[in-house]
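*Asks:* Give the three-dimensional model of this entry:
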Amino acid sequence: MFYQFNMSLIAVAVVIVFLAFHAIKVLREYQRGVIFTLGRFTKVKGPGLIFVIPVLQQMVKVDLRVITMDVPSQDVISRDNVSVKVNAVLYFRVVAPEKSIIQVEHYLEATSQLAQTTLRAVLGKHDLDDMLSEREKLNADLQVILDSQTDAWGIKVTHVEIKHIDLNESMVRAIARQAEAERERRAKVIHAEGEKQAAQTLMEAAATLSSQPAAMQLRYLQTLTQVAGDKSSTIVFPVPVDLLSAVMPGQAGLGAGALSAQIDADRDTQANT
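*Replies:* Residues are numbered from 1 along each chain as shown. Sure, this is the predicted structure:
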C-alpha cells in the first residue's frame, strides 16, 4: 500500500515537472510570443518569463528586429524598351506580431515575393536615364508602395535600396558614345562662349583706344617693345601716317606734300609718253 502511494506521488511529481518544463518559456528582449488558446488568439506575451498552459495553449515566436532581405535580380524592361537586370535590398521589421502570424502565411516569403513584383512594376514605368540618375526617388517610391501593402500584415518597411542595374555590352557602348558626344557639345559651347566674351572685350578695348589717339600710339610702342625682345634679326613693323603726324607734325606734313608732288609728276610723265 505504501509502495503504491509512493509510486503515485512520483508519477504526479513527474507530471508536474513535465508540465512546468513545457509551461515556462523565456523570451528575449527582441522576441514576442503570440498565444493561441484552443486555437483562438489570446494575446501577445513577452519579453521575459511567461507561462503557457500545455495542451491548451500554443505559442508562436516572432522576431521584432530589423530584417535585411536581398531581393533577387529581376529582368526589367524600362519604358523606353531597354532590358536591364536590377536587384535591391529591403529593410523591414514586424510591428504587430499577431497580424504577421494571423493575416499572412510565412510573412518572410510573402514580403520577398511582393518586393520582387513591386520592383519590376515600378521600374518598368521609368526610362533608363531615370533609373541611373534618380535612384533616391525610386527608392522612396518603392518604400512607400511596399509599406502600404504590408501594413495589413503588421510589417513596417523602413528602407529600400536599389543595389545594381546591369546593362548588356551594346547598351554600355551606346551610353559611352552618348556621354562622349555630350562632353564634346559642352566643350564647343564653352569655346564659343569664350570667343564671344573675347570679341566683346576687344570691341570695348578698340572703342577706348579710338577715343584717345595717344593711347593708340602708346599701344604701338608697347607692341614694338615686346617684338624687339625676341631674338630675331629683322623686324617689320607698320607705322601709320597718323602716328607720324602726331609725333612730327611738320615733317610728316612735308613728307606728305613731297609724296603728292611725286605722284603728280609721275602722272604728267605718263601723259606725255
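
*Asks:* Start and end of stretch 165-172, how far apart?
*Replies:* 11 Å (CA to CA, to the nearest Å).

*Asks:* In it, which of the residues would be classed as buried?
*Replies:* Using 16 or more other CB atoms under 10 Å as the test for burial, stretch 165-172 gives I165, L167. C-beta: built from backbone N, CA, C; applies to glycine.

*Asks:* Other residues contacting that stretch?
*Replies:* S73, V82, S83, V84, K85, V86, L128, M131, L132, I175 (CB atoms under 8 Å, 6 or more residues apart in numbering).

*Asks:* Try it again at 10 Å.
*Replies:* Residues from elsewhere that reach stretch 165-172 (CB atoms under 10 Å, 6 or more residues apart in numbering): 73, 76, 78, 82-88, 123, 128, 131-132, 135, 173-175.

*Asks:* Off-centre distance for that stretch?
*Replies:* Chain-centre distance of stretch 165-172: 18 Å, with CA atoms, centre = their mean, to the nearest Å.

*Asks:* likewise stretch 78-90?
*Replies:* With CA atoms, centre = their mean as the basis, the mean position of stretch 78-90 lies at 16 Å from the chain mean.

*Asks:* Quick one: mean pLDDT for it?
*Replies:* What stretch 78-90 shows for mean pLDDT is 90.

*Asks:* Go through it and flag the buried ones.
*Replies:* S78, V82, V84, V86, N87, A88, L90.

*Asks:* need the contact list for the fourth one.
*Replies:* When you say that, I think you mean V86. V86 neighbours (CB under 10 Å, 6+ apart): 71, 73-76, 78, 119-120, 123, 131, 138, 162-166.

*Asks:* Narrow the residues you listed to those that are buried.
*Replies:* Buried among these (16+ other CB under 10 Å): V71, S73, Q74, V76, S78, L119, L123, M131, L138, I162, I165.

*Asks:* Just the ones of the residues you listed in strands?
*Replies:* V71, S73, Q74, V76, I162, I165 (DSSP state E).

*Asks:* could you redo the residues you listed as a markdown table and give each row distance to V95?
*Replies:* Listed next are those as a markdown table, based on distance: CB to CB, whole Å:
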| residue | distance to V95 |
| --- | --- |
| V71 | 21 |
| S73 | 29 |
| Q74 | 27 |
| V76 | 30 |
| I162 | 24 |
| I165 | 31 |
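
*Asks:* Return stretch 112-124 as PDB; C-alpha atoms alone will do.
*Replies:* Extracted C-alpha coordinates of stretch 112-124, given in PDB (Å, rounded to 0.1, in the frame of the first residue of the first chain):
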ATOM      1  CA  SER A 112      10.100  38.700 -50.600                       C
ATOM      2  CA  GLN A 113       7.600  37.900 -53.400                       C
ATOM      3  CA  LEU A 114       5.900  41.200 -53.000                       C
ATOM      4  CA  ALA A 115       9.200  43.100 -53.200                       C
ATOM      5  CA  GLN A 116      10.100  41.300 -56.400                       C
ATOM      6  CA  THR A 117       6.900  42.100 -58.200                       C
ATOM      7  CA  THR A 118       6.800  45.700 -57.000                       C
ATOM      8  CA  LEU A 119      10.400  46.200 -58.100                       C
ATOM      9  CA  ARG A 120       9.500  45.100 -61.700                       C
ATOM     10  CA  ALA A 121       6.300  47.100 -61.800                       C
ATOM     11  CA  VAL A 122       7.800  50.400 -60.500                       C
ATOM     12  CA  LEU A 123      11.000  50.400 -62.600                       C
ATOM     13  CA  GLY A 124       9.100  49.400 -65.700                       C
END
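
*Asks:* can you map out the strands along the protein?
*Replies:* Using DSSP E, strands in the chain cover 24-27, 31-37, 40-45, 48-51, 57-63, 67-77, 83-94, 155-166.

*Asks:* Appreciated, that's everything.
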